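Engineer: When you get a sec, could you give me coordinates for this:
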Amino acid sequence: MMTHAPTFRAVDPTTGAATGPEFRDATPAEIAAAVDAAVAAHRELRTWDGTRLAALLRSCADELEADGDAIVATAA
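Structural biologist: Got it, this is the predicted structure:
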């Protein structure tokens, strides 16, 4: 059975107006699943050598740089 969790939106502190997409509160089961996934990811990443981990971090940096204008526009 699917329950409808409360939703919320970010608030622009300069205007007090709701902005951006609507988010839904996570259920306890969703939170537990996210924690389990994070633990599993941590166990995996701990086995990576520095070269492989550096490649992952470079890839993350590339994605952030590619989205830089949109990130700045959202934050402005």
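
Engineer: just checking, what packs against the top strand by length along the chain?
Structural biologist: Longest strand in the chain by number of residues, with DSSP state E as the criterion: strand 18-24. Packing partners of strand 18-24 (3 or more Cβ pairs under 8 Å, 6 or more residues apart in numbering; DSSP states H and E): strand 7-11. C-beta coordinates here come from the backbone N, C-alpha and C atoms, glycine included.

Engineer: And the strand it packs on, what does it pack against?
Structural biologist: Counting by 3+ Cβ pairs under 8 Å, 6+ apart, the packing neighbours recorded for strand 7-11 are strand 18-24.

Engineer: need the helices for the protein, in chain order.
Structural biologist: Taking DSSP state H as the criterion, the chain contains helices spanning 28-45, 50-66, 68-75.

Engineer: ok, and what's touching stretch 23-36?
Structural biologist: Applying Cβ atoms under 8 Å, 6 or more residues apart in numbering, the contact partners of stretch 23-36 are Thr3, Ala5, Pro6, Thr7, Phe8, Arg9.
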